[in-house]
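> sharing a model prediction with you, sequence too.
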Amino acid sequence: MNKKNYYLELFLKTQIRLSFLIFWSGCLTAFVLLSYVSQNFIPERSLSVYMWADKIDESILLKFEQETGIKIYVNYYESNEELITKFEVSKNINCDVMVPSEYIIQPLIESGFLKKIDKSRCDFIDRIYPEFMNKSFDLNNEYSLPIYWDVLGLGYTKSFFKDGLPSNSWSLIFDEKLVPCKEISMIDDSREAIFIASKYFAWDNKKLNIDQLNQIKSLFIAQKKWVGAYTDFQQGYFLTSKTYPLVVSQRERIVREMLLYNDLAFTVPEEGSLLMLSNIGISSTSKKDDLIYQFLNYIYRYDILMYNSKKFSILPCVQDVLEKLPQEYIGVEELLPGQANFNRLEIFSNVLTQKQINDIWIAFKSF
């Protein structure tokens, strides 16, 4: 190759590389600008809702849009920690309504991310069970209103336990001498696991000390010998596939499978368990109160709550809906407010820092 052709080929290669660089730089710039433009040209009659993926069906949101002309933009998150991080990282986050769990409400209030709710504009307050109102994380419900609730318990395969579980106790997952099968599946949520460990030890979970936390850590380390998997979302599959005959799970994940398979059951251990509340909150930066209260009154409507409760096997905090919800969607006897199983449920107050919770989980998992 002569020198002229060499330089020509080098020039062409350089031009091609430069063209690719300009193209991808343009794509990146367009992506950033598109995100910026979309945030600044959201229709005025619209709401941005941050929520879990299995609480309000998309068809319900579409129906609201059709009835009101208010567009709904949904942002899903997988944990409460992810939600609060979004607010901490983005000062101008576009959020009007959110559906956080009970334990993250207080941090959201203290950080100034929630505004007070005008209950005079809510036509459903009197329908909410008093058992879900005025909790320690938000006394008088100034910043949040309960909408759904659930409970942790034991899911199991009836064909494996032909005579039922040998006992209705957390001992079945924590006491090696009493574990009734070779392996179980355990939840992968450190906060929830610490709570049920405290119930197993029969401690007052409102004042856990360092010695008790060390005992919980040791308990989790010992338990690893018979835990086949740590997960929050596959417990129903593990039962139906007969991978593990006993799992620790949120009730709704097992009941959804119970509707399809007669071989599954769920129970609330006699020591008591965790009451989990999903709440409605209004972002402090939102200026769309008129639209927000239209939305709140809509999602608390009897027909809407009943549809969502059946669709996802979730439990509404509203009395008229829960009392009419067919038992197969509840899955546990005596679970309604005031009944025996419900009376053994507790909310886990924020007595531990997030660092304490994380340290226990990291310590035992790395052991």
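Cool, got the structure.
> all the strands of this protein, residue numbers only.
For the chain, the strands defined by DSSP state E occupy 46-51, 71-76, 97-98, 144-157, 184-186, 227-230, 246-250, 264-267, 273-282, 315-316, 345-346.
> possible to save these as JSON lines with mean pLDDT?
JSON lines is the format used below for the strands of the chain (pLDDT from 0 to 100):
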{"stretch": "strand 46-51", "mean pLDDT": "94"}
{"stretch": "strand 71-76", "mean pLDDT": "94"}
{"stretch": "strand 97-98", "mean pLDDT": "96"}
{"stretch": "strand 144-157", "mean pLDDT": "98"}
{"stretch": "strand 184-186", "mean pLDDT": "98"}
{"stretch": "strand 227-230", "mean pLDDT": "97"}
{"stretch": "strand 246-250", "mean pLDDT": "98"}
{"stretch": "strand 264-267", "mean pLDDT": "98"}
{"stretch": "strand 273-282", "mean pLDDT": "97"}
{"stretch": "strand 315-316", "mean pLDDT": "98"}
{"stretch": "strand 345-346", "mean pLDDT": "96"}
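> need the residues that contact stretch 207-223.
Residues outside stretch 207-223 that contact it (CB atoms under 8 Å, 6 or more residues apart in numbering) are 173-174, 176, 186, 193-194, 197-198, 200-201, 203, 351-352, 356, 360-361, 363-364, 367. For every residue, glycine as well, the C-beta is placed using N, CA and C.
> what about 10 Å?
Here stretch 207-223 makes contact (CB atoms under 10 Å, 6 or more residues apart in numbering) with 173-176, 179, 184, 186, 190, 193-198, 200-201, 203-205, 227, 349, 351-352, 356-357, 359-365, 367.
> so which of these sit within helices?
Counting by DSSP state H, the contacts of stretch 207-223 place 173-174, 190, 193-198, 200, 356-357, 359-365 in helices.
> how many residues are close by Lys324?
Neighbour count of Lys324, defined by other CB atoms under 10 Å: 11.
> OK, contacts around it?
Lys324 neighbours (CB under 10 Å, 6+ apart): 302, 306, 309, 316.
> buried sites along stretch 339-359?
Going by neighbour count (16 or more other CB atoms under 10 Å), the buried part of stretch 339-359 is 341-342, 344-345, 347-348, 350, 352, 357.
> what is the end-to-end distance of that stretch?
Using CA to CA, to the nearest Å, one end of stretch 339-359 lies 36 Å from the other.
> same deal with stretch 168-177?
Stretch 168-177 end-to-end distance (CA to CA) = 15 Å.
> with adjacent residues omitted, what lies nearest to Lys71?
Closest residue to Lys71 apart from its sequence neighbours, by CB to CB, 6 or more residues apart in numbering: Ser46 at 3.9 Å.
> again with Glu271
Spatial nearest neighbour of Glu271, excluding adjacent residues (CB to CB, 6+ apart): Lys199 at 4.6 Å.
> look up how far Ala363 lies from the one you found.
21 Å (CB to CB, to the nearest Å).
> those two: which is more packed in?
Shown here are Lys199 and Ala363; by other CB under 10 Å, Lys199 has more neighbours (22 against 15).
> surely that one meets Leu275?
No - Lys199 lies out of contact with Leu275 (CB atoms under 10 Å); the separation is 11.9 Å.
> what do the two both touch?
Residues touching both Lys199 and Leu275 comprise 152, 344, 346, 348, with contact defined as CB under 10 Å, 6+ apart.
> and the residues you listed as CSV, adding distance to Leu259?
Formatted as CSV, the shared contacts of Lys199 and Leu275 follow (distance: CB to CB, whole Å):
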residue, distance to Leu259
Leu152, 20
Arg344, 25
Glu346, 28
Phe348, 28
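> Gln66: which of the residues you listed is nearest?
Taking CB to CB as the measure, Gln66 sits nearest to Leu152 out of the shared contacts of Lys199 and Leu275, at 37.3 Å.
> so the closest one sits right up against Leu345, yeah?
Yes - when contacts are counted by CB under 10 Å, Leu152 is listed as touching Leu345 (9.2 Å).
> shared neighbours, those two?
Each of 268, 273-276 lies in contact with both Leu152 and Leu345 under the rule CB under 10 Å, 6+ apart.
> including neighbour count, could the residues you listed go into a markdown table?
Conversion of the shared contacts of Leu152 and Leu345 to a markdown table gives the following (neighbours: other CB atoms under 10 Å):
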| residue | neighbour count |
| --- | --- |
| Val268 | 23 |
| Ser273 | 23 |
| Leu274 | 23 |
| Leu275 | 19 |
| Met276 | 21 |
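> how much space is there between the nearest residue to Gly153 once chain neighbours are set aside and Ser278?
Distance criterion CB to CB, 6+ apart; nearest residue to Gly153, sequence neighbours excluded, is Val268 at 4.6 Å. Here Val268 is placed at a distance of 19 Å from Ser278 (CB to CB).
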